[in-house]
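# Need a 3D model of the sequence below.
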Amino acid sequence: MIVVMKANSSEADIQHVLTYLEKHGLTGHLSQGVERTVIGVLGAIGPTGAPGSIGGLNPAVGEALEGMPNVENVVRVSKPYKLASREFHPEDTVVEVPAACVSGGVVRIGGPELVMMAGPCTVESEEQLMTTAAAVRKEGAVILRGGAFKPSTSPYGFRGLGEEGLKLLAKARDEFGMAIITEVMTPTDVAMVCEYADILQIGTRNMQNYMLLDEVGRTRKPVVLKRGMSSTFEEWLLAAEYILSQGNRNVILCERGIRTFEKTTRNTMDISAFPLIKRLSHLPIISDPSQGTGRRDIVGPMSLASIAAGSDALLVEVHPNPDEALKDGAQSITIEQFRQLMPQVQSVASAIGRQFITR
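As a prediction, this is how the structure comes out:
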């Protein structure tokens, strides 16, 4: 349920609605746009199928809200995800990330400008990280990716340097001014990772780790939520709803390929996700063509396709020597390949009326 307030509604009118909701065991989430203010209503409003209910909504609640001062109308939201829906928030959400390397010190994801995030899949050593960071920053990347904690299908695979890797990422940020995105894997690690990271990444295996989603939702750090490898759009947006419902509005969706019957690629990159998610949700959506394909030879074409389809940023794995990478070398491009990629994605961006922020 969404309560739409009139344009001339006062703070007292809004508070009256919020107080009513609280008294009835409901939670009101405020979204104040340029033209209107809406209040998303969360909670058990009435049992589905109860006498007189419509889609599980008790009509008495809606009728009471409609009669309140300066309430324009009450909308029954048809989708199970409320806060992530376009109905709740018609305007695009823009997530701001601090980055000293750009003018104004802030990178905006979801606005007219595009963003390049690049770096190694896994932080292996100081030399490897600093070499990569220097190279990708020189070419225009403004956010540095790098995994300090890495999930591995095999228990014998490299699982990251842990906090030492986080310290190296922080050192790279200090030297190059780039923002840092890194994965957090458990609720108990959230506080520690927040000390170092500018963006928290939730990996595909943890998309439905609801305790972890709740925990990152209690922070105000931007969160990149990767699509589960077998997840529908609805499941993905409901996972985002967990974060949003805890009060963190800084959610960024990431398409990283899904598991299909095809074995030529590691995953099947779902390019349709970009225009469809933008119809369903106000949240920014970015592309990880490295995880999305598992093959460095098609990271470039999938990057171009993602930008053309509406991606708000690219998340690309770059390694000084991918053949010797401790993890996922097959999907990591070389520094030279990244150097060639940047002017290509900038050309596609220009063709659709957008541009990459690089400084």
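# Pull the residues that contact the longest helix seen in the chain.
Determined from DSSP state H, the single longest helix within the chain is helix 335-351. Residues external to helix 335-351 that are found in contact with it (Cβ atoms under 8 Å, 6 or more residues apart in numbering): 114, 116, 118, 131-132, 135-136, 139-140, 296, 299-300, 303-304, 307-308, 314, 316, 318, 320, 333, 355-356. Glycine gets a C-beta too; all of them are placed from N, C-alpha and C.
# Can you flag the buried ones in the residues you listed?
Neighbour-count burial (16 or more other Cβ atoms under 10 Å) applied to these gives 114, 116, 118, 131-132, 135-136, 139-140, 296, 299-300, 303-304, 307, 314, 316, 318, 320, 333, 356.
# The closest residue in space to residue 112 that isn't next to it in sequence and residue 252, how far apart?
When the adjacent residues along the chain are set aside, residue 112 lies closest to residue 354, with 6.1 Å between them (Cβ to Cβ, 6 or more residues apart in numbering). Residue 354 sits 17 Å away from residue 252, going by Cβ to Cβ, to the nearest Å.
# higher neighbour count, those two?
Between residue 354 and residue 252, counting by other Cβ atoms under 10 Å, residue 252 is the more crowded of the two (26 against 16).
# Tell me who's in contact with the more buried one.
95, 109-110, 199, 222-225, 283-286, 312-313.
# Show me which of the residues you listed are buried.
95, 109-110, 199, 222-225, 283-286, 312-313.
# quick check, nearest of those to residue 39?
Nearest to residue 39 among these, counting by Cβ to Cβ, is residue 283 at 18.8 Å.
# is it true that that closest one touches residue 240?
Yes: Residue 283 lies in contact with residue 240 (Cβ atoms under 8 Å); the separation is 6.3 Å.
# between the two, what contacts are shared?
Shared contacts of residue 283 and residue 240, defined by Cβ under 8 Å, 6+ apart, comprise 84, 251, 253.
# Rebuild those residues as a markdown table, extending it with secondary structure.
Shown next, in a markdown table, are those (DSSP: H, G, I helix; E, B strand; the rest coil):
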| residue | secondary structure |
| --- | --- |
| 84 | coil |
| 251 | strand |
| 253 | strand |
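# so of the buried ones among the contacts of residue 252, which ones are in strands?
Counting by DSSP state E, the part of the buried ones among the contacts of residue 252 found in strands is 95, 109, 199, 223-225, 285-286, 313.
# And for the closest residue to residue 85 other than its chain neighbours, the neighbour number?
Leaving aside its sequence neighbours, residue 85 sits nearest to residue 79 (Cβ to Cβ, 6+ apart; 5.0 Å). For residue 79, the count of nearby residues is 16 (other Cβ under 10 Å).
# Please tell me I have it right and residue 79 contacts residue 87.
Yes: checked against Cβ under 8 Å, the pair residue 79 and residue 87 is within contact range at 7.1 Å.
# hang on, the earlier thing: what comes up buried for the longest helix of the chain?
Residues 335, 337-339, 341-342, 345-346, 348-349 are the ones in helix 335-351 that count as buried (16+ other Cβ under 10 Å).
# What of stretch 196-208?
196-204, 206-208.
# for stretch 83-90, same thing?
83-85, 87-89.
# Could you export those to a markdown table, including columns for distance to residue 17, pLDDT and secondary structure?
Formatted as a markdown table, the buried residues of stretch 83-90 follow (distance: Cβ to Cβ, whole Å; pLDDT from 0 to 100; DSSP: H, G, I helix; E, B strand; the rest coil):
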| residue | distance to residue 17 | pLDDT | secondary structure |
| --- | --- | --- | --- |
| 83 | 16 | 91 | coil |
| 84 | 21 | 95 | coil |
| 85 | 19 | 93 | strand |
| 87 | 17 | 84 | coil |
| 88 | 15 | 84 | coil |
| 89 | 17 | 86 | coil |
